[in-house]
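**Q** What follows is a predicted protein model with its sequence.
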Amino acid sequence: MKWTGFLGVIGSVISTGSFLPQVLKVWFAKPEPAVAVSLPMYGILGTGCVCWIIYGASIKSKPVWITNIFVIAFAISVVIYKLIYG
């Protein structure tokens, strides 16, 4: 792997991992953890991630599309919690 590919993987892990504290806070904080969660923000984020997934697939860049699949999964888990308990 070239150093640029390695850098992309490291950046992807860090960027995707940045969502983990929000996901954990929403799912495990009590009471009313999802009150301040913005559904429009997560909708915009999801739309952007879909664009990145399509782009990553079109240029055959696994770090791009795999990262954004994880971001969407984290975002969906927050939105689901918001819709159920929010």
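**A** Noted; the coordinates are in hand.
**Q** Identify the residue nearest Ser77 in space, chain neighbours excluded?
**A** Nearest non-adjacent residue to Ser77, counting by C-beta to C-beta, 6 or more residues apart in numbering: Val23, 5.6 Å away. In this view, the C-beta of every residue, glycine as well, is placed from N, C-alpha and C.
**Q** From Glu32, how far out is the spatially most central residue of the chain?
**A** For the chain, the residue sitting closest to the mean C-alpha position, by C-alpha atoms, centre = their mean, is Val71 at 1.8 Å. If you measure Val71 against Glu32 using C-beta to C-beta, to the nearest Å, the figure is 25 Å.
**Q** And Lys82, by the same measure?
**A** Using C-beta to C-beta, one obtains 11 Å as the distance from Lys82 to Glu32.
**Q** between these two, who's got more neighbours?
**A** Each of Lys82 and Glu32 had its neighbours counted (other C-beta atoms under 10 Å), and the higher figure belongs to Lys82 (18 against 9).
**Q** Hmm, Ala36 and the more buried one touching each other?
**A** No - using C-beta atoms under 8 Å, Lys82 is not in contact with Ala36, being 9.7 Å away.
**Q** Show me the contact partners of the longest helix seen in the chain.
**A** Scanning the chain for the longest helix, with DSSP state H as the assignment, gives helix 62-85. Judged by C-beta atoms under 8 Å, 6 or more residues apart in numbering, the contacts made with helix 62-85 from elsewhere in the structure are 5, 8-9, 12-13, 15-16, 19-20, 22-23, 26-27, 32-34, 37, 39, 42, 45-46, 49-50, 52-53, 55-57.
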